[in-house]
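K.L.:
mind folding the following:
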Amino acid sequence: YYINNGYLSIETLFIRNGKLLNHKNVIYPINLDIEDEIESYIVRFYGRNEIPKEVLIPEGISLENLSNMIDTNFIIPLKGVKKDLIKMATDNAKINLENKFAEIVKSEERTENANNELGELLGIDSLNRIDIFDNSNLFGSFAVSGMVVYENGKPKRSEYRKYKVSVDKNDDYNTMKEILYRRY
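P.N.:
Sure thing, here's the model as predicted:
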């Protein structure tokens, strides 16, 4: 991993039979203690992916915590080829963060500026959540409504909702009224 300007870059190398097969890099803002961020990432990562028989991790990460959460052999290499693999992963994390940092800052500024401008137009001091609704029907029947949510300018898919509407006709006004009352 590599840290710079409040962002964490984590590089994962996939090695089988001594050959580098693939790699994955993620970059995100730091919200917790660095060790907690990395441990949390590892637990989430191996919750979605196959757990290997051995995982190399850099110094500063608690072997005990990870071993209690994931049933595999965690190793902090101190020398040799495995230490070189950790160094290569760290170098890749640094390069990726430096390359993508300008893009990340530009995207966040664009999102923040758009939120601020929309907030000013609506007379809202702090605009950090937007709920968007849309109604649909199939030839005037089977009415449904959908809601998408943006928090701080980014989609929050876990908050998306789909509603079945009791009014089974092409009536956007009453459909929207029903969904807004049900939601709020």
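K.L.:
what does the model give the spatially most central residue of the chain for pLDDT?
P.N.:
The structure's the chain has its C-alpha centroid closest to Tyr28; by Cα atoms, centre = their mean the separation is 7.7 Å. You'll see Tyr28 listed with a pLDDT of 83.
K.L.:
which stretches of the chain form helices?
P.N.:
Remark: helices assigned in the chain by DSSP state H are 34-48, 63-69, 81-122, 172-183.
K.L.:
picking up where we left off before, who does the closest residue in space to the residue nearest to the centre of the chain that isn't next to it in sequence form a beta bridge with?
P.N.:
Nearest non-adjacent residue to Tyr28, counting by Cβ to Cβ, 6 or more residues apart in numbering: Leu8, 6.2 Å away. Quick note: C-beta positions are derived from backbone N, CA and C, even for glycine. Beta-bridge partners for Leu8, by DSSP bridges, are Ile3, Tyr28.
K.L.:
next, work out how far apart Leu8 and His23 are.
P.N.:
Using Cβ to Cβ, to the nearest Å, Leu8 is found at 16 Å from His23.
K.L.:
with adjacent residues omitted, what lies nearest to Ile132?
P.N.:
Val148 (4.9 Å).
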